[in-house]
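Undergrad: Coordinates for the following, if possible.
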Amino acid sequence: MSAVSETIVREYFELHGFLVRQSRKYTAREKPERDGIDFFVWNPRPRERAEPMPFVLTSGDLAAAARAVVVVRGWHSESFGPAILENAPAMFRFVEPAIFQQAARNFSSDVPLLKILIVPALAQTAKAREQTIALLRAKGVDAVIPFRTLLADLIAAAEVNRNYDKSDLLQIIRVFKTYEFFKDPQMEFFRPARRRAGQ
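TA: Below you'll find the model as predicted:
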């Protein structure tokens, strides 16, 4: 996982009131990572939810999650479809019983522990998307959050009139907003269309 993807995920969970602990602070040189778990997240004030959590989480759904292990797959270059998943068995190492039980020791046993996968983007066609979700569920993943959801929330939350000394990511978003590289979507709706040349 790249440091950029890691920063985005950490900032997103912290934005939504989660306490975030990184699984490890090092990268093994010769051996692959043993568990593949990137973060442990804990929500000190989870909201009660009557209906079951959806598989593809939005930020609103996340408020009901109390605790989770989070794994990040931040390739940012392709959608997350069945072909990729079938050819990457190591991706699901974190849901193997021994590894998951070891990770679960970081939390008390009285609250369910979700297994959340952060993905670049799910497949675009309905059929491929359904196959992807079915495969992820079958492997033991409880939920996914697309990177678009994370980035949209962080962009919306960054305020132009604040100085984010403690967060390089939010400071960069603030600078982009200051120079109008990010525009407020609802304002775009009401803005008149540009006139074409010659009109």
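Undergrad: Look up the pLDDT of the residue positioned nearest the centre of the chain for me, please.
TA: The centroid of the chain falls nearest to residue 118 when counting by Cα atoms, centre = their mean (4.1 Å). Per-residue pLDDT puts residue 118 at 93.
Undergrad: just for this protein, where's the confidence low?
TA: For the chain, residues meeting the criterion pLDDT under 70 lie at 1, 24-35, 77-79, 89, 108-110, 184-199.
Undergrad: quick one, strands of it?
TA: Assigned by DSSP state E, the chain shows strands spanning 19-22, 39-42, 67-72, 113-119, 143-146.
Undergrad: of these, which approaches residue 133 most closely?
TA: Of all the strands of the chain, strand 143-146 sits nearest to residue 133, with 7.9 Å by Cβ to Cβ. To be clear about C-beta, it is placed using only N, CA and C from the backbone, and glycine gets the same treatment.
Undergrad: got the strands of the chain as JSON lines, with distance to residue 91 columns?
TA: Formatted as JSON lines, the strands of the chain follow (distance: least, Cβ to Cβ, whole Å):
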{"stretch": "strand 19-22", "distance to residue 91": "19"}
{"stretch": "strand 39-42", "distance to residue 91": "16"}
{"stretch": "strand 67-72", "distance to residue 91": "8"}
{"stretch": "strand 113-119", "distance to residue 91": "8"}
{"stretch": "strand 143-146", "distance to residue 91": "12"}
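Undergrad: Mind checking these for the one nearest to residue 103?
TA: strand 67-72 (5.1 Å).
Undergrad: list the helices and strands the closest one packs on?
TA: On a contact count with 3 or more Cβ pairs under 8 Å, 6 or more residues apart in numbering; DSSP states H and E, strand 67-72 meets helix 3-15, strand 39-42, helix 97-104, strand 113-119.
Undergrad: re earlier: of the strands of the chain, which is nearest residue 93?
TA: strand 67-72 (9.1 Å).
Undergrad: what's the closest one in contact with?
TA: 1, 5-6, 9, 13, 36-43, 91, 94, 100, 103-104, 107, 111-118, 142 (Cβ atoms under 8 Å, 6 or more residues apart in numbering).
Undergrad: If any of those are buried, give me the PyMOL selection for them.
TA: In PyMOL, a selection of the buried entries from those looks like this (16 or more other Cβ atoms under 10 Å):
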select buried, resi 1+5+6+9+13+36+37+38+39+40+41+42+43+91+94+100+103+107+113+114+115+116+117+118+142
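Undergrad: got a list of what the residue nearest to the centre of the chain touches?
TA: Shown in contact with residue 118 (Cβ under 8 Å, 6+ apart): 5, 9, 70-74, 144-147, 150.
Undergrad: what's the closest of the residues you listed to residue 170?
TA: Nearest to residue 170, judged by Cβ to Cβ, of these is residue 150 at 12.7 Å.
Undergrad: OK, contacts around the closest one?
TA: 8-9, 12, 118.
Undergrad: Can you get me a residue count around residue 10?
TA: Using other Cβ atoms under 10 Å, residue 10 has 21 neighbouring residues.
Undergrad: With distance to residue 168 as extra columns, can I get the helices and strands packed on strand 67-72 in CSV?
TA: Shown next, in CSV, are those (distance: least, Cβ to Cβ, whole Å):
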stretch, distance to residue 168
helix 3-15, 7
strand 39-42, 18
helix 97-104, 28
strand 113-119, 19
